[in-house]
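Enquirer: when you get a sec, could you give me coordinates for this:
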Amino acid sequence: MRNHFARGRQAARIARAAMRPMRKTKTSLFLLTSAGLILSLAACSKQNSEARAATEKEQAQSTRSPEARPSRNPLKNAYFGDLHLHTGYSMDAFAFGTRTTPEDSYKYAMGETVEYMGKPQKRIAPLDFLAVTDHAEYLGVVRDTIDPNGPFAKSEWYAMMTNPDSAVSASAFRKLIGSTIVNKPLPEFNDPKLLRSSWEKYAAISDKYYKPGKFTTFVGFEWTSAPQFQNLHRCVIFADKGPAMPYTAFDSLDPEDLWRYLEAQRKQGLDVIAVPHNGNASNGLMFSTRDMSGKPITRDYTERRMANEPLAEIIQAKGQTDTSPALSPTDEFANFEMWLYLIGSDKKANSATGSYLRQAYGVGQEQQAKLGVNPFKYGVEAGTDFHSGITSTEPSNFPGSHGNQDSDPRIVITATTSVGGEPPTALSSGGLTGVWAEENTRESIFSAFRRKETFGTSGTRIKVRMFAGWNYPKDMTKQADWVTAAYDDGVPMGGDLAAPSGTAAPTFVVHAVKDPDSGNLDRVQIIKISTKNGKSQEKIYDVVWSGDRKPDPKTGKVPAVGNTVDVKSATYQNTIGSTELIGEWTDPAFDPNAHATYYARVLEIPTPRWSTYWAAKLNVPPNPNVAATVQQRAWTSPVWYAPAKP
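Expert: Below you'll find the model as predicted:
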């Protein structure tokens, strides 16, 4: 295995888009040289201010006029956005009292102040791209219910939708969402003329706010299939222009029918993908090896699934879909933002199999050995699924995410249930998608989706990338052009390692830079899922970490980084951890005859959870049923290896 090393450097240099490395020494946390001048690791306040200054510089560059549009970067820049957000155009969000529009969503993402639940809201750090993905079912039509001169003025709907009581809102939600669960549309909201008019206005808003080189928008919607509350939802993202009409769960609950719709759109020249989410609430249906009719999946099914769904959402408000403590008992970081319920129900989900990505990676390799194609070869992205219209993923700046269902902090902090069944504090502060793309445009970012050069975070803006190759030289990251070499001699995350001619093991390079407004970095790990003779197993390796900690000689695990959080005041200190981690790792247990999936996970030091910030503002103890502190994180898309065919 290669030596591990960490380094801290002034973030104004490290935040460069291509993340080019500087010279380093072989210590776990060390100093770098630049132009002959030795830089010392700054205090946490200086680190954060410098990192923020670098980020602001990048943001200023990205907001230039079209005449000063930044040139393409062949080594790619990291861009952050959300591919899963609901506004008042979604039936359930509107029932919750959310009145934001897609225009508000784009403005908020770009750093402007918007109003949400009667209060001004503004992101600390703007985003680079956004897809508003309102529910396709009844999209936009429910908004007409509050028009005093409209067709619903004297109806029960007008009375419910204008009532500020959250219990009444909950009743409206159950009626609306219930129609999708039983697949029986309410005729008053399913009028084709009203739906078409609303969709045309909705799609046009996305085009209005697209600013190539500055801010990217995508036309999208959510297909809301949830038979018996078992989640099969997909967010549908178009590369450029949107379709004539979206596809709804009323058209079909079967993902294969959604794929036919996507294939038909591509035949019309509209490239498009679907992104499944919340396998954790699917009762094992999301990553099942059987189709909706109960038959074993086929090669045709597998090929179509991967052609239509290159990415899967690894985290959002309703928890993470990486893994669970039950499935990964040796993973000490698995118990993070767990979601236990079905969609819109107080029933617990059965997630023993078919519900989490990590397990699906192994099952996919088992299926590949049988079918010749892997049905679960997913890249990684993340989103919020907030029903607020604003991508408010910053825990210290979190205003709630589901309208009047979680807008009163005193009720939220102590509540044990909600309209969806779960306690409101069970919701996380969402996730963000990261992409490595040449420029901030639809074409470049969507191409990154297609090739899976993506990563997902738990809401922070950790930058991470991973490469793999057979012939990377030792200490290659000491080279000024190591990113170029990594591309030339290997593959980035999302890629496939071709079978080697010999038995040499692959080497991986990982590089992570902290979010200037969040905690320092604890460690970077590589998670390996290998499959041989029909059986899969996982192994987690600490690759590079902060400080001078030493791995346990028996387990190989690196000790905990420590914890500086003061829970009562919801504060922490960046006196531990690193601003940047970079390292090389060679698989010590590589078997050329076994299939393998490798992906990286980056962990921050512990910081307060959003619910702890709320409790501190109220001067009350945090809800004991959720963690007071969390280690925010990022996951890369995998690199895959398949043995040579005999």
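Enquirer: quick one: Ala172 and Ala93 touch, right?
Expert: No: when contacts are counted by C-beta atoms under 8 Å, Ala172 is not listed as touching Ala93 (11.3 Å). Bear in mind the C-beta positions are built from the backbone N, C-alpha and C, glycine included.
Enquirer: show me the helices in the stretch 151-300 of the chain, by range?
Expert: For the stretch 151-300 of the chain, the helices defined by DSSP state H, counting those that start in this stretch cover 156-161, 166-181, 192-208, 255-267, 299-308.
Enquirer: relative to Ser171, how far out is the most far-flung residue of the chain relative to its centre?
Expert: Here the centre of the chain is the reference, and by C-alpha atoms, centre = their mean the most remote residue is Lys154, at 42.3 Å. The spacing between Lys154 and Ser171, counted by C-beta to C-beta, to the nearest Å, is 19 Å.
Enquirer: for the residue farthest from the centre of the chain, give me the pLDDT.
Expert: pLDDT, Lys154: 89.
Enquirer: need phi/psi at it.
Expert: Per-residue torsions, Lys154: phi -110, psi 20 (degrees, to the nearest 10).
Enquirer: where's it relative to Asp144, distance?
Expert: Distance from Lys154 to Asp144, by C-beta to C-beta: 13 Å.
Enquirer: cool, Lys554 as well?
Expert: Counting by C-beta to C-beta, the gap from Lys554 to Asp144 is 65 Å.
Enquirer: the two: who's more crowded?
Expert: More neighbours surround Asp144 than the other of Lys554 and Asp144, with 19 against 6 (other C-beta atoms under 10 Å).
Enquirer: count of neighbours near the nearest residue to the more buried one once chain neighbours are set aside?
Expert: The shortest distance from Asp144 to any non-neighbouring residue, by C-beta to C-beta, 6 or more residues apart in numbering, is to Gly150 (5.1 Å). For Gly150, the count of nearby residues is 13 (other C-beta under 10 Å).
Enquirer: Ala131 now?
Expert: 26.
Enquirer: in the stretch 1-150 of the chain, which spans are helices?
Expert: 11-14, 44-62, 91-95, 102-109.
Enquirer: what's the least confident stretch among these?
Expert: helix 11-14 (a mean of 36).
Enquirer: partners of the nearest residue to Glu115 once chain neighbours are set aside in the sheet?
Expert: Spatial nearest neighbour of Glu115, excluding adjacent residues (C-beta to C-beta, 6+ apart): Gln121 at 7.2 Å. With DSSP bridges as the criterion, Gln121 is bridged to Val114.
Enquirer: so Gln121 versus Asn440, what's the distance?
Expert: 23 Å.
Enquirer: break this structure into its domains for me.
Expert: 77-454, 462-497+505-641 (automatic domain parsing).
Enquirer: and the end-to-end length of the longest one?
Expert: End-to-end span of domain 77-454 (C-alpha to C-alpha, to the nearest Å): 11 Å.
Enquirer: pLDDT weak spots in the stretch 251-400 of the chain?
Expert: The stretch 251-400 of the chain contains no residues with pLDDT under 70.
Enquirer: the chain now?
Expert: Across the chain (using pLDDT under 70), the flagged ranges come out as 1-67.
Enquirer: residue closest to the middle of it?
Expert: Ala382 (1.1 Å).
Enquirer: any idea how far Arg609 is from the residue nearest to Glu115?
Expert: For Gln121 relative to Arg609 (C-beta to C-beta), the value is 19 Å.
Enquirer: so for the two, which residue has more residues nearby?
Expert: It is Arg609, of Gln121 and Arg609, that has more neighbours when counted by other C-beta under 10 Å, with 26 against 21.
Enquirer: any idea how far the more buried one is from Trp545?
Expert: 23 Å.
Enquirer: isn't His529 right up against Gly364?
Expert: Quick fix: residue 529 reads Ile, not His. No: using C-beta under 8 Å, Ile529 is not in contact with Gly364, being 9.1 Å away.
Enquirer: and the helices in the stretch 451-600 of the chain?
Expert: Using DSSP H, counting those that start in this stretch, helices in the stretch 451-600 of the chain cover 482-489.
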